[in-house]
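# Need the 3D shape of this:
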Amino acid sequence: MVDACHPGPSVTVTVVITALAAAAGRSGVGLAVVAAAALTGQLSVGWCNDANDADRDRGASRTGKPTVRGDVTAGFLWRAAIVALAATIALSFLAAGPVGGTAHVVAVLSAWTYNLLLKTTIFSALPYAVSFGLVPAFVTYGLTPPSAPPIWLVVTCALLGVSAHLANAIPDVHSDELVGAGRVV
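Residues are numbered from 1 along each chain as shown. Alright, predicted model coming up:
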């Protein structure tokens, strides 16, 4: 389960979102709920990814993947991803109210859209731009009083998301070609 959640990116994104919320003035329980929403969102995305890619990972002999090693089944990961997504929805609204909560839920659903539909298309960077670009709204609309994030921060985060996508996609180009997955870079 730990390997399947993509622990490096999951922890990194959770820490960055939590640090942004702390820098913006969140503390105590509010900050803990932001961290919990971010972490459950990342868990849901990672588990969705490995569940959805189980057959492709086997075909590409990606022995580092838990589903290929037989550590966990795709079905179990699907169930875990859905439970984590449900927790994310509740925690997001608790952490950031209706606007910020919606921003975070849309960000997580955008990442699911990448996993399920756009990963092997020319539009694969779009969910990264959307998801990362919505992080500032999740943080700032959770403040008292809620406020819109500065546009420069939204654009910067969206571009950071595209960069993260490229860093993630480039190492897999060869193995994706072996199983007939589309080439995105």
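
# A4 - how many residues pack around it?
24 (other C-beta atoms under 10 Å). Placement of C-beta: from N, CA and C, glycine included.

# Spit out the contact partners of it.
G46, W47, D50, A51, K65, P66, T67, D71, V72, L77 (C-beta atoms under 8 Å, 6 or more residues apart in numbering).

# and the strand or helix carrying the first one, what does it pack onto?
Using DSSP states H and E, the secondary-structure element containing G46 is helix 28-52. Secondary-structure packing of helix 28-52 (3 or more C-beta pairs under 8 Å, 6 or more residues apart in numbering; DSSP states H and E): helix 7-23, helix 66-69, helix 74-113, helix 125-140.

# what angle sits between that helix and helix 7-23?
With axes from the mean of the first three to the mean of the last three C-alpha atoms, to 10 degrees as the criterion, the two stretches helix 28-52 and helix 7-23 enclose an angle of 160 degrees.

# Tabulate the helices and strands packed on helix 28-52 (JSON lines), appending mean neighbour count, mean pLDDT and distance to I151.
Compiled in JSON lines, the helices and strands packed on helix 28-52 are given as follows (neighbours: other C-beta atoms under 10 Å; pLDDT from 0 to 100; distance: least, C-beta to C-beta, whole Å):
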{"stretch": "helix 7-23", "mean neighbour count": "17", "mean pLDDT": "94", "distance to I151": "16"}
{"stretch": "helix 66-69", "mean neighbour count": "18", "mean pLDDT": "88", "distance to I151": "40"}
{"stretch": "helix 74-113", "mean neighbour count": "20", "mean pLDDT": "98", "distance to I151": "14"}
{"stretch": "helix 125-140", "mean neighbour count": "24", "mean pLDDT": "98", "distance to I151": "9"}
